[in-house]
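Predicted model and sequence below, questions to follow.
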Amino acid sequence: MKKITLLLALISFSYGFSQTLNQNASWPNANWTVTGSYSTDPTAFEADPTTTSNFAFDDDDAGNPNDDDIAAESPVIDLTAAHSAGETVITVTANYFFRVVNTLGTAQEDLLTIQYWDNDASSWMEWVGAMDGTEGAGGPNTNNFCTPTKTAFETPPLNISGFTATQLSGFKYRIYYDDDGLEPTGNSWEWGFCFDSPTIVSSGCAAATFTLAQGTNNCPTEEFFINVDITDLGTATTVNILNDGGAAAVNGVDLSGSPYSVGPFPAGTDVTITVEDAANSSCNGMNNLTTLASCPPSCATGPITPLDGAIDVDAFANITLSWTAPASGPAPDNYDIYVGTMSDGSDQAFFSSTTDTFFEAPIGAYDTTIYWSIIPSTLGVEATGCSLWSFTSASPDGTSCLNAPNGQWPGATYDIAASGTCDGTTSNEVVANGWTGEYSLVTVVDGETYIFESSVGTDFVTIGSEDGTTAYASGEGSATWTADLSGNVRFYLHNDTDCNTEQVDRIRSVICGVTLSTEDFLFNDKLFTYYPNPVSNNLTIQAQKNIQNVTVYNMLGQEVLNNIPNTVESTVDMSNLKTGAYFVKVTIDNKTETIRVIRD
């Protein structure tokens with residue numbers, strides 16, 4: 001769902017102390033050491049901080065497979081003086097470049113981090129965790145990683161107030177890289193990094209750590225609260241929570257009551273929250289959050305079309321989803337449409353959005369129940385708790401099959417005029433290994449007559465529009481159709497008129513240039529004609545044997561006319577039907593064929 005953008009950046013720190021420790025590494029520095037197991041090839045080990053002003057490693061040039069881990073370690077830095085001066089917070093700053101393999105913000109395989117030495121435990125301890133890449137997949141820099149523009153970095157504050165004398169006097173830190181440190185099963189073949197000379201400083205202040213989130217609201221008065229969640233007091237015992245929005249401060253609190261509600265503030269206000277040490281106001285952190293732009297609207301009150309629980313909804317033609325606008329609350333300026341197939345709504349996924357109270361789309365499958373919901377929003381603030389509605393698509397009606405669970409095959413469009421022979425007798429192979437439940441795209445020419453065939457005589461053939469929403473013709477084993485358009489059509493095969501499918505090879509082919517008089521329709525070696533098309537009033541059907549049944553269906557698959565002529569000629573009165581396309585199912589000699597006519 002769409003959310004208001006929140007400015008949830010990490011807190012910034014303010015220091016008001018002189019610094020006992022403020023030491024740059026001053027690379028090149030022979031007092032630093034490089035450790036690990038790594039390629040020493042100069043194309044891989046691009047910069048040695050003991051001899052150059054940078055620390056850089058190119059894991060790509062180290063080759064694959066080559067498992068590399070490398071660290072630049074500082075000399076011992078005695079923190080005793082800083083600790084004695086009350087400066088019990090240590091940070092390291094540096095500029096760095098780090099090219100990673102995957103897209104920024106996604107999982108990586110290699111680890112770049114900063115660690116410190118615990119002289120009591122004689123081990124390296126995590127200080128930073130995994131550092132973020134500064135350039136990801138598709139970036140331009142693949143070598144010489146000290147050349148690109150670098151990013152400033154500062155470690156989280158390290159609180160040394162509880163360090164022992166041995167930990168203080170034996171302190172040191174290192175920049176550590178492991179090319180498969182985050183994914184031991186990775187291929188150990190990544191890109192690389194570069195650091196400028198880092199600086200370590202001491203301070204007497206570590207500001208509290210906190211995050212901000214939207215709190216309760218006083219709707220409909222458009223007043224909003226902010227929740228301040230304090231997760232670490234830093235060097236403070238208690239803190240004050242201040243704001244620049246005119247609301248009362250929250251003073252002298254610790255972690256026990258977090259999160260704290262601050263406000264109210266008007267809608268759409270950018271509020272700066274400051275959390276300061278109650279005993280030292282200069283030791284503080286700040287964060288911003290913009291309150292909701294509006295109270296949330298109410299939910300739509302109900303579906304208009306399809307009705308909730310509706311059945312036999314057209315499976316492939318565009319249907320209109322429509323609903324009633326909320327009866328109360330702020331007027332929505334947007335509606336998000338969510339759909340799924342689970343009755344509990346657990347798989348609801350965003351489908352589309354609109355500013356209207358209706359939207360047109362096809363279902364695209366037979367016998368499928370769709371669960372849907374409408375989420376109104378105002379100025380980006382969404383309604384909550386909205387209802388889940390449903391409708392079910394129709395079953396196959398026996399006149400056409402437009403479902404294609406096996407998709408399109410082949411991927412290319414078959415152009416008979418360009419690739420085949422259009423002589424009225426040659427069977428042009430579209431695909432030799434087609435399945436039922438899929439379709440091929442075939443290019444046709446307006447006014448040309450085609451016979452679409454399957455090598456399996458019992459297959460049900462349907463010719464449909466390029467977008468798969470309208471059927472033009474159908475038949476068992478083959479379908480004959482005089483094109484009334486120039487462009488691409490879908491050539492479907494199914495096992496039967498119930499639109500069943502199987503993954504068994506068969507040939508789809510097309511005969512082009514068939515000559516029929518007065519729209520003659522070749523049907524199982526029997527001949528019947530129909531005219532006119534388009535039709536204004538009466539459609540005439542003539543055959544060599546008695547016509548047993550004529551049934552007319554609209555594009556929703558609904559029966560609108562039925563005749564039982566039992567003669568060789570039948571007149572179908574279509575004068576009372578609305579203009580548009582219709583399917584006419586004709587049964588002769590216990591065999592049925594379907595044609596498509598236009599009522600003008």
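Structure's in. What do you need? Numbering: from 1, shown residues only.

Please tell me how far the closest residue to residue 228 other than its chain neighbours sits from residue 585.
Nearest non-adjacent residue to residue 228, counting by CB to CB, 6 or more residues apart in numbering: residue 260, 4.8 Å away. Where C-beta positions appear, they are placed from N, C-alpha and C, glycine not excepted. As judged by CB to CB, to the nearest Å, residue 260 and residue 585 stand 72 Å apart.

Please spell out the segments of the stretch 251-400 of the chain that come in under the pLDDT threshold.
Within the stretch 251-400 of the chain, no range satisfies pLDDT under 70.

make it 90
Filtered on pLDDT under 90, the stretch 251-400 of the chain yields the residue ranges 267, 282, 292-295, 301-302, 314-318, 327-330, 361-367, 381, 394-400.

related to what we said a few turns ago, what about the residue nearest to residue 228, how many residues nearby?
For residue 260, the count of nearby residues is 19 (other CB atoms under 10 Å).

go on, residue 120?
By other CB under 10 Å, 12 other residues sit near residue 120.

Residue 224 too?
Residue 224: 27 surrounding residues under other CB under 10 Å.

Let's verify it: helix, strand, or coil?
Following DSSP: H, G, I helix; E, B strand; the rest coil, we place residue 224 in the strand state.

Excluding chain neighbours, give the residue nearest to it in space.
Leaving aside its sequence neighbours, residue 224 sits nearest to residue 291 (CB to CB, 6+ apart; 4.0 Å).

In this structure the one you found contacts residue 247, no?
No. Applying CB atoms under 8 Å as the test, residue 291 and residue 247 come out as separate, 10.9 Å apart.

of those two, who's got more company?
A count of neighbours by other CB under 10 Å puts residue 291 above the other of residue 291 and residue 247, at 25 against 18.

For the more buried one, give its distance to residue 137.
Separation of residue 291 from residue 137 (CB to CB): 37 Å.

just residue 594 next, same as before
Distance of residue 594 to residue 137, given as CB to CB: 52 Å.

okay, these two: which has more neighbours?
residue 594 (22 against 13).

circling back to that earlier point, backbone dihedrals for the residue nearest to residue 224, please?
phi -70, psi 160 (degrees, to the nearest 10).

can you tell me which residues contact it?
Shown in contact with residue 291 (CB atoms under 8 Å, 6 or more residues apart in numbering): 214, 224, 226, 263, 265, 266, 267, 268, 269, 271.

The fifth one - that's part of a strand, no?
Yes. Assigned with three-state DSSP, residue 265 falls within a strand.

contacting residues for it?
Residue 265 makes contact with 223, 224, 225, 226, 243, 245, 246, 247, 271, 291, according to CB under 8 Å, 6+ apart.

next one: residue 354
Residue 354 makes contacts with 334, 335, 337, as judged by CB under 8 Å, 6+ apart.

Redo these as a markdown table? Include secondary structure, neighbour count and distance to residue 409.
A markdown table is the format used below for those (DSSP: H, G, I helix; E, B strand; the rest coil; neighbours: other CB atoms under 10 Å; distance: CB to CB, whole Å):
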| residue | secondary structure | neighbour count | distance to residue 409 |
| --- | --- | --- | --- |
| 334 | strand | 16 | 39 |
| 335 | strand | 24 | 37 |
| 337 | strand | 17 | 31 |
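
if we take the residues you listed, which one ends up nearest to residue 323?
Nearest to residue 323 among these, counting by CB to CB, is residue 335 at 7.7 Å.

Can you tell me how far the closest one is from residue 220?
Distance, residue 335 to residue 220, using CB to CB: 20 Å.

Let me see the ranges of the strands in the stretch 501-600 of the chain.
Under the criterion DSSP state E, counting those that start in this stretch, the stretch 501-600 of the chain carries strands at the ranges 506-512, 521-523, 526-531, 538-553, 559-563, 567-573, 580-588, 591-599.

Pull up the gap between the residue nearest to residue 228 and residue 294, please.
Residue 260 is 24 Å from residue 294, by CB to CB.

Let's see stretch 51-59 as CSV, backbone CA atoms only.
C-alpha atoms of stretch 51-59 as CSV (Å, rounded to 0.1, in the frame of the first residue of the first chain):
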residue,chain,number,x,y,z
THR,A,51,52.9,2.7,2.0
THR,A,52,50.1,4.7,0.4
SER,A,53,47.4,7.1,1.5
ASN,A,54,44.6,4.6,1.0
PHE,A,55,43.5,1.1,1.8
ALA,A,56,42.0,-0.6,-1.3
PHE,A,57,41.4,-4.2,-2.5
ASP,A,58,40.0,-5.3,-5.9
ASP,A,59,38.4,-8.7,-5.3
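
Perfect, that will be all.
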